[in-house]
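Participant: Pasting the sequence and the predicted coordinates here, then a few questions.
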Amino acid sequence: MRQCLTAFLLVLAAGLLAGCETVSKEQCVAGDWSEIGRAHAAQGYPSSRFDDVIKDCGRHGITPDPQAYMSGWDQGVQLYCTPLNGFNLGRQNTSLSPICPPNLAGEAERAHRLGKRIWTTRDKVTQLERRIDDRQREIDRLRSELDRIDCREKKGDERVACRDRQNDLRQRVQDARFEMQDARFELNDRRRDYELTLAQVDEEARRTIPGYQQ
């Protein structure tokens, strides 16, 4: 039993270590350092990620080529630091990596802000939709609790307390309804804002972002 458990833990640890690797053993053996560097930069990783490549491949007795890696990394930067990629990252609420050189950073950052406008207005809609759903669940829960309360068999102080509890639950249901109604009114406004923002951003993106498609 102990041997089986030990073997299982070793396999698990190996899997976790593999999941943390920057590059796989197969990539190290293949030695396409330029493509590895290109892929890393295209994902927004800094050139210092090469240090992790050295460590990972070193475990397999392989020494990466820094010049080939950096050559590929420079190519990947050109792919990452485009206005279109900046726009898409902003629309996903993903930060723009600081790897972009000055001659590319300006347009990428501007496009990122443009894309972020879509995410920001959409997030307001999403938050209100969640608030409405939360209020509806609260109303359902309060109604269910209210239905389970029966004061008919109670007397004296117990009857008074029971009815007070019923009244409290009814008031909380009413409050939740008002909150949900207010949220619905606001949701309509935010949806209009979102549609307007989409149209405005789409118009500007078509003019300023090469390769943009809605």
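Facilitator: Perfect, thanks for sending it.

Participant: from here on, contacts and neighbour counts on C-alpha atoms
Facilitator: OK.

Participant: Leu146 and Asp168 touch, don't they?
Facilitator: No. In this structure, Leu146 is not within contact of Asp168 by C-alpha atoms under 8 Å, at 9.6 Å.

Participant: where's Ala57 relative to Lys25, distance?
Facilitator: Rather than Ala, residue 57 is Cys. 7 Å (C-alpha to C-alpha, to the nearest Å).

Participant: between the two, who's got more neighbours?
Facilitator: Higher neighbour count among Cys57 and Lys25: Cys57, with 22 against 17, using other C-alpha atoms under 10 Å.

Participant: Just the element for the nearest residue to that one once chain neighbours are set aside, please.
Facilitator: Distances taken as C-alpha to C-alpha, 6 or more residues apart in numbering put Cys28 closest to Cys57, at 5.5 Å, once the chain neighbours are dropped. In this assignment (DSSP states H and E), Cys28 forms part of helix 25-30.

Participant: so where is the protein shaky, pLDDT-wise?
Facilitator: For the chain, the stretches flagged by pLDDT under 70 are 1-20.

Participant: What about it, which residue is the most distant from its middle?
Facilitator: Ranking residues of the chain by C-alpha distance from their mean position (C-alpha atoms, centre = their mean) puts Gly156 at the top, at 55.9 Å.

Participant: circling back to that earlier point, hang on, isn't the residue nearest to Cys57 packed against Lys55?
Facilitator: No. Using C-alpha under 8 Å, Cys28 makes no contact with Lys55, being 10.7 Å away.

Participant: Looking at the two, which has the bigger crowd around it?
Facilitator: Set Cys28 next to Lys55 and count neighbours by other C-alpha under 10 Å: Cys28 wins out with 22 against 17.

Participant: Understood, closing this out.
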